[in-house]
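*Asks:* just need the structure, nothing else, for what follows:
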Amino acid sequence: MFNKVIALIDEANSQDPNNELHDGKSFPKERLYSERMSEMLLRFMPNADELMKIAVRAQHIERWKSPRSDFEMNKQGYHQWRSALYIFHASTVVKLMQQAGFNETEQNRVYEAVAKKNIKRNPDSQLVEDVASLVFIEHYMLEFTRSKPDYDEQKWIGIIRRTWQKMSDDAHEFVLAGNITLPEPLVGLIHKAL
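*Replies:* Predicted coordinates for the structure are as follows:
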């Protein structure tokens, strides 16, 4: 069942019309993201169970189907989009889990984690958040800074601090122990923020 649902998630994410270059090759953006999430989970919590491996792999499943442009381009619209995404991703992976034969209890556990229910109180939701934050820092933070040239240093310090606050103490220790690659041009700013 586990292999089947992972294959279904990968098949869905392989349909992403957006591509990203990595090591000179082009990949469907969300397929590459999901593989980075799984790889980070293996580094951060190698003993995670299969349900958490599913939740992490499906964190952004079919994200292109719910574009940011469907919501108002302001802070409130951004938060509405994020909340809608959590439900969209969680509902999508549960449908695939049903196809693969997982029971309702298993589906609910993954739903809660992917929907980010009770972060800080639900260890599954916190784990998904931790892995997403670690992947963001290692793979996407630099690109994000380049996409926002109008942001000043104080804005970036705020973003870095908010990312850090979302993470658990275990994730903090993982970063501080040098277990992820920080984006070299941002190391000074990250140190200043933290």
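*Asks:* CA atoms only: put stretch 136-145 into PDB for me.
*Replies:* C-alpha atoms of stretch 136-145 as PDB (Å, rounded to 0.1, in the frame of the first residue of the first chain):
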ATOM      1  CA  PHE A 136      12.800  25.900   2.200                       C
ATOM      2  CA  ILE A 137      16.000  27.100   3.800                       C
ATOM      3  CA  GLU A 138      18.300  24.700   1.900                       C
ATOM      4  CA  HIS A 139      16.700  24.700  -1.500                       C
ATOM      5  CA  TYR A 140      14.300  27.700  -1.900                       C
ATOM      6  CA  MET A 141      15.300  30.600   0.400                       C
ATOM      7  CA  LEU A 142      17.900  32.000  -2.000                       C
ATOM      8  CA  GLU A 143      15.600  31.900  -5.000                       C
ATOM      9  CA  PHE A 144      12.900  33.500  -2.900                       C
ATOM     10  CA  THR A 145      15.100  36.400  -1.900                       C
END
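*Asks:* how about the spatially most central residue of the chain, secondary structure?
*Replies:* Residue closest to the average C-alpha location in the chain (C-alpha atoms, centre = their mean): residue 132, at 3.3 Å. Of the three states, residue 132 takes helix under DSSP: H, G, I helix; E, B strand; the rest coil.
*Asks:* same deal with the one 3 residues further on?
*Replies:* Put simply, residue 135 is helix when judged by three-state DSSP.
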